[in-house]
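Participant: Compute the structure for the input listed below.
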Amino acid sequence: MEAKIIVNAENAAVGRVASFVAGKLLKSKDEIAVVNSEKAIVTGNKASIMQDHLHKRTLLGGIQRGPHISRVPYMMLKRSIRGMLPRKKGRGQEALKRVKCYNGIPKEFEGKKMITFEDKTDLKHLPLGKVYQSW
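Facilitator: Sure, this is the predicted structure:
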């Protein structure tokens with residue numbers, strides 16, 4: 001995939017990245033690549049973040065029924081983007097097909113111009129890559 005827009009999610013809040021990408025997808029027909037998904041941050045204190053994600057994994061259905069929530073950081077970010085798109089309509093489904101999320105920076109995107117977000121490390125936060133590691 002030759003992405004026209006590359007977004008670096010390092011030190012950016014997950015919701016801000018997801019809303020930015022969803023808006024770009026609906027407005028244009030460009031393909032978007034989101035890199036460094038594991039370095040995106042979830043704001044809040046560690047205990048509440050872990051409790052919220054544990055609740056999503058266990059109490060909402062478990063293994064047999066759904067929803068099947070991924071533990072992989074790039075899939076968690078893509079699910080956040082999906083939540084901000086009208087995915088039951090045709091334009092939302094097409095938009096979701098145009099986004100790719102990656103852990104780290106693939107070799108094909110190294111040295112290219114990327115959209116970055118301002119540093120939010122002064123807030124209480126937990127990187128997306130560490131949300132499920134402490135279980």
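Participant: so Asn36 makes contact with Cys101?
Facilitator: No: here Asn36 lies out of contact with Cys101, judged by C-beta atoms under 8 Å, at a distance of 9.6 Å. Just so you know, the C-beta spots here come from the backbone N, C-alpha and C atoms, and that holds for glycine as well.
Participant: In terms of secondary structure, what does the helix or strand containing Val21 contact?
Facilitator: Using DSSP states H and E, Val21 sits within helix 14-27. In terms of contacts (3 or more C-beta pairs under 8 Å, 6 or more residues apart in numbering; DSSP states H and E), helix 14-27 is packed against strand 5-8, strand 32-35, helix 73-83, helix 90-97.
Participant: Asp122: which of these is closest?
Facilitator: strand 5-8 (19.0 Å; C-beta to C-beta).
Participant: and the one helix or strand in the chain whose mean pLDDT sits lowest with helix 73-83, angle?
Facilitator: Here the helix or strand of the chain ranked lowest by mean pLDDT, DSSP states H and E is helix 46-58, holding a mean of 79. Here helix 46-58 runs at an angle of 80 degrees relative to helix 73-83 (axes from the mean of the first three to the mean of the last three C-alpha atoms, to 10 degrees).
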